[in-house]
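1. heads up, no residue letters with this:
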């Protein structure tokens, strides 16, 4: 061999390029046999005695036929070995009625062998309306028989013809759905169907061999052999037709930009600093290389369609077995993704076929900055939008959830949950979530090698036993992490201590130290100073569990008043309100922000905006989330306001122990009523104040009931007694509400929560019990009913305002004792007192009516409060009320002096 001469190809290389000698000889022998048969048929004398001479060498070759370019048989013939052949297809259509029946049968048999492979024959041709470039290949090729064929043969041929249509449609489906965009489930389905087509092609090879070698091979035998295959291919054809036409081309992702916008995409754009409106404007001006189209049929939707076909034809054993085989084969990659998710917490779903969706832009770093429950609720979700709390099978369309198909209402792609997994989807989601949380904590999740080696089908009972065990294992693992490593129970006890004021000495100390700072407006108060005072009070006289997690308590200022905030939440249907819907807290904050200008006109005091916050780290932030912290803050502000009003009224009581309030009046001056021009006059044994400055109270007002007094009492002594009585009633009311909230609501519910936590078995139960505990406390504290909240807020504001008049009242008392008070001052003194009495009595009656109604209808936990408030009923005799309130006030005074907790 000369230098630089290319070497010859090796044997193995040559074998991959051309046919082997044995294959080549077999093909050329078959073609020659067919040619000899056709030449003999062409030389048969015609009716006029002339012989037909074949002109096969003048016809185009088999390879050049355009209709065979993609035919399966074309790949079996080498381009270099093309031999002259009779023309096929429309180039030649000889009349069959001039031929004997056996010759017609032989010619039709040969054509049928081509038709069964999707190739056009001489006497069985494509339909005149069929155009390969225009027709949908998934519908298959339609064939027509030559009208000159004998009618005795036509019936059998028409029965066999659908096989060609089925085969071409199934082959086109396999070629189309094997593309990467259709996902692993479609790939597995196509591989299973391809294996079935191999059996079909093997049958055709055997029939071709019988046709070439057996003289007794007839059309009846062909029908006998292909009859079972027709039914099988018809079932596959029916399935691929449903899969092909399940695509809803009318519903595209670009249909409604506002309704179908993906929440994940919007959050990602916001994180990048691109507003949605600007991004849409940029996209509208930029030509996209790929237009939005409907979601292809893939993943769970494919499995759902196969399962529905299997159920609809369960009476046919062949169909049930066939669809069961396809379901198991197509479900293998789906089951593999499921097992990886529930065993390791890792979601490997490159084609978005699984029912679980991952939002990758939400990571643990978000929780480190702001411990919201967004990681728990939005990092991994179900594609159909359902949640464990909503349950369900009804899927309301919302952002990020694809619209259902117009035909059948089935969700597209991976959003469609296979019917076999419908009852397990929430456990599948939560099992992977739990393991993912464990992995985020740096704990490696091991895999069971024995379970990995087992193979499960979609209809295998072992699969669902495996899912149940994986769910239980993930639950127990995360639960132990939260309870033991995370010290969840001590954390909850510290929340109770600081937010529910189970040991409120620190709050009393804080209110005393920060009295001057809390009198400022919420904007001008120093949070740094308040935080330092809180740390000082928490570090004073504490030991044991009281010292745990105190550094996590922070001072914050709310943006709105407590009762305005609660009314907005109730009005929008949030946090256990009477409305059925639920609105995120962010929406409430937006509404508060829109009304901020109105609030600026009346500056809110720092005391009304004071609240506490609590810092927790991952993974405890999943349990003590922002939503639960919000509930704790609402209850804390409710108790804080009660404590503040109680302290103010107690301070007023201490101030009214001074000389002007306790010193008897020695000079007996006859009662001089105020001027007739005044809006009210001091009540006597036969008069009552007529004015109603705040509202329209009931005429039978307890403040206007005549109090028995002696004739020697002066006007000032009567007024002073009315002030004492109103202060005692207000103080008693506030203390009864505070006692009811702490001893009748918070403490019993906390004991129930502790009992539930002792026997909790799953993380779901833990989260649900904790949230139910907070919602129950809010409801029983009357913070979720608009009517109760309105009446209560009016009452407590009246009490707080009355406590603010302690100094002016003392000033008026000093003037009255020194006899320097003017008639106008005396008139105003009585006017203010009557206003407070009227307003308190009116709203107390409304509040008591509401409490009684709700206690008898929907909130039985208010019954103890009804008993507590029975002291203030209007039909109670005035003297009895005075004596009871006086006794209660004296008991409180004694306990105050002895240092006993109030």
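-> Cool, got the structure. As the structure is a prediction and not an experimental result, all values here were calculated from the model. Numbers count the residues shown, from 1 in each chain.

2. got any ranges where the stretch 801-902 of the chain has weak pLDDT?
-> Across the stretch 801-902 of the chain, the ranges flagged by pLDDT under 70 are 821, 871-902.

3. in it, which spans are helices?
-> 806-817, 823-857, 863-868, 878-898 (DSSP state H, counting those that start in this stretch).

4. Can you mark which positions in the shortest one are buried?
-> Spelled out, that is helix 863-868. By neighbour count on 16 or more other CB atoms under 10 Å, the buried set for helix 863-868 is 864, 865, 868. Backbone N, C-alpha and C define where each C-beta goes, glycine included.

5. ok, now the longest one?
-> By neighbour count, and taking 16+ other CB under 10 Å as the criterion, the buried residues in helix 823-857 are 826-848, 850-851, 854-855.

6. Contacts only, for residue 524.
-> Contacts were defined as CB atoms under 8 Å, 6 or more residues apart in numbering; by that measure residue 524 touches residue 606.

7. for it, helix, strand, or coil?
-> Following DSSP: H, G, I helix; E, B strand; the rest coil, we place residue 524 in the coil state.

8. before we move on, what about residue 357?
-> Quick answer, by three-state DSSP: residue 357 is strand.

9. Near it, how many other residues are there?
-> Counted with other CB atoms under 10 Å, the neighbours of residue 357 add up to 22.

10. residues contacting the nearest residue to it once chain neighbours are set aside?
-> Spatially, and ignoring its direct neighbours in sequence, residue 357 is nearest to residue 383 (4.7 Å; CB to CB, 6 or more residues apart in numbering). Residue 383 is in contact with 352, 354, 355, 356, 357, 401, 402, 411, 413, 414, 415, counting by CB under 8 Å, 6+ apart.

11. Next: residue 553.
-> 498, 534, 538, 612, 613, 614.

12. and residue 217, how far is that from residue 852?
-> Using CB to CB, to the nearest Å, residue 217 is found at 97 Å from residue 852.

13. those strands in the stretch 301-450 of the chain, which residues are they?
-> Applying DSSP state E, counting those that start in this stretch to the stretch 301-450 of the chain gives strands spanning 356-358, 380-382.

14. Rebuild these as CSV, extending it with distance to residue 805.
-> Formatted as CSV, the strands of the stretch 301-450 of the chain follow (distance: least, CB to CB, whole Å):
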stretch, distance to residue 805
strand 356-358, 60
strand 380-382, 56
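
15. Make CSV out of the ones you listed and add mean pLDDT and distance to residue 424.
-> Formatted as CSV, the strands of the stretch 301-450 of the chain follow (pLDDT from 0 to 100; distance: least, CB to CB, whole Å):
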stretch, mean pLDDT, distance to residue 424
strand 356-358, 90, 12
strand 380-382, 89, 11
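
16. picking that back up, hmm, which of the contacts of residue 553 are the buried ones?
-> Among the contacts of residue 553, those scoring as buried are 498, 534, 538, 612, 614 (criterion: 16+ other CB under 10 Å).

17. Of those, which is the nearest to residue 661?
-> Nearest to residue 661, judged by CB to CB, of those is residue 534 at 35.0 Å.

18. and that closest one, what is it in contact with?
-> Contacts of residue 534 by CB under 8 Å, 6+ apart are 506, 510, 553, 555.

19. list the contacts for the last one?
-> Shown here is residue 555, whose contacts under the criterion CB under 8 Å, 6+ apart are 527, 530, 531, 534, 610, 611, 612, 613.

20. change it to 7 Å
-> 527, 530, 531, 534, 612 (CB atoms under 7 Å, 6 or more residues apart in numbering).

21. cool, residue 130 as well?
-> By CB under 7 Å, 6+ apart, residue 130 lies in contact with 141, 142.

22. and residue 431, what does it touch?
-> Contacts of residue 431 (CB under 7 Å, 6+ apart): 342, 470, 471, 474.

23. do that again at 8 Å, thanks
-> 341, 342, 467, 470, 471, 474, 475.

24. Out of those, which is nearest to residue 569?
-> Using CB to CB, these come closest to residue 569 at residue 475, 32.2 Å.

25. and after the helix or strand encompassing that closest one, which helix or strand comes next?
-> For residue 475, the enclosing helix or strand under DSSP states H and E is helix 461-480. Moving toward the C-terminus from helix 461-480, the next helix or strand (DSSP H and E) is helix 488-499.

26. Would you mind listing the buried residues in the one helix or strand residue 770 maps to?
-> In this structure, residue 770 sits in helix 763-780 according to DSSP H and E. Residues of helix 763-780 classed as buried by neighbour count (16+ other CB under 10 Å): 763-764, 766-767, 770-771, 773-774, 776-780.

27. Specify which member of these is nearest to residue 151.
-> Using CB to CB, residue 764 comes nearest to residue 151 of the buried residues of helix 763-780, at 71.2 Å.

28. right, and the closest one touches residue 427 too?
-> No - in this structure, residue 764 is not within contact of residue 427 by CB atoms under 8 Å, at 9.2 Å.

29. which residues sit against stretch 225-239?
-> 116, 140, 159-160, 162-163, 165-167, 169-170, 193, 196, 200, 203, 206-207, 305-306, 309, 313, 318-319, 322-323, 326.

30. Can you tell me which of those are buried?
-> The buried subset of those - by 16+ other CB under 10 Å - is 116, 140, 160, 162-163, 165-167, 169-170, 193, 196, 200, 207, 305-306, 309, 313, 319, 322-323, 326.

31. Okay, and which of those residues map to helices?
-> Of those, the ones assigned to helices by DSSP state H are 160, 162-163, 165-167, 169-170, 193, 196, 200, 207, 305-306, 309, 319, 322-323, 326.

32. Look at the closest residue to residue 141 other than its chain neighbours and report its pLDDT.
-> Closest residue to residue 141 apart from its sequence neighbours, by CB to CB, 6+ apart: residue 168 at 4.4 Å. Per-residue pLDDT puts residue 168 at 93.

33. Residue 168: neighbouring residues, count only.
-> So residue 168, with other CB under 10 Å, has 25 neighbours.

34. Surely it is in contact with residue 143?
-> No - assessed by CB under 8 Å, residue 168 is found out of contact with residue 143, at 9.6 Å.

35. now the angle from whatever helix or strand residue 613 lives in to helix 488-499?
-> Taking DSSP H and E as the definition, residue 613 sits inside strand 610-614. Angle of strand 610-614 versus helix 488-499, following axes from the mean of the first three to the mean of the last three CA atoms, to 10 degrees, is 170 degrees.

36. which other helices and strands contact strand 610-614?
-> In terms of contacts (3 or more CB pairs under 8 Å, 6 or more residues apart in numbering; DSSP states H and E), strand 610-614 is packed against helix 488-499, strand 553-557, helix 626-655.

37. Can you name the next helix or strand after the longest one?
-> What it means is helix 626-655. That would be, after helix 626-655 and using DSSP H and E, helix 659-662.

38. tell me what the helix or strand following that following helix is packed against?
-> Going down the chain from helix 659-662, the next helix or strand is helix 715-739, by DSSP H and E. Applying 3+ CB pairs under 8 Å, 6+ apart, we find helix 715-739 packed against helix 626-655, helix 786-804, helix 806-817, helix 823-857, helix 863-868, helix 878-898.

39. residues in contact with residue 167?
-> Residues in contact with residue 167 (CB under 8 Å, 6+ apart) are 116, 117, 118, 140, 197, 200, 233.

40. run the last query once more with 7 Å
-> 116, 117, 118, 233.

41. Adding pLDDT and distance to residue 654, write the residues you listed out as CSV.
-> Compiled in CSV, the contacts of residue 167 are given as follows (pLDDT from 0 to 100; distance: CB to CB, whole Å):
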residue, pLDDT, distance to residue 654
116, 92, 106
117, 91, 106
118, 90, 103
233, 94, 97
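
42. In those residues, which residue is surrounded by the most others?
-> Counting neighbours by other CB under 10 Å, residue 118 comes out on top of these with 25 neighbours.

43. Just give the nearest non-adjacent residue to residue 97, would you?
-> Leaving aside its chain neighbours, residue 97 sits nearest to residue 148 (4.4 Å; criterion: CB to CB, 6+ apart).
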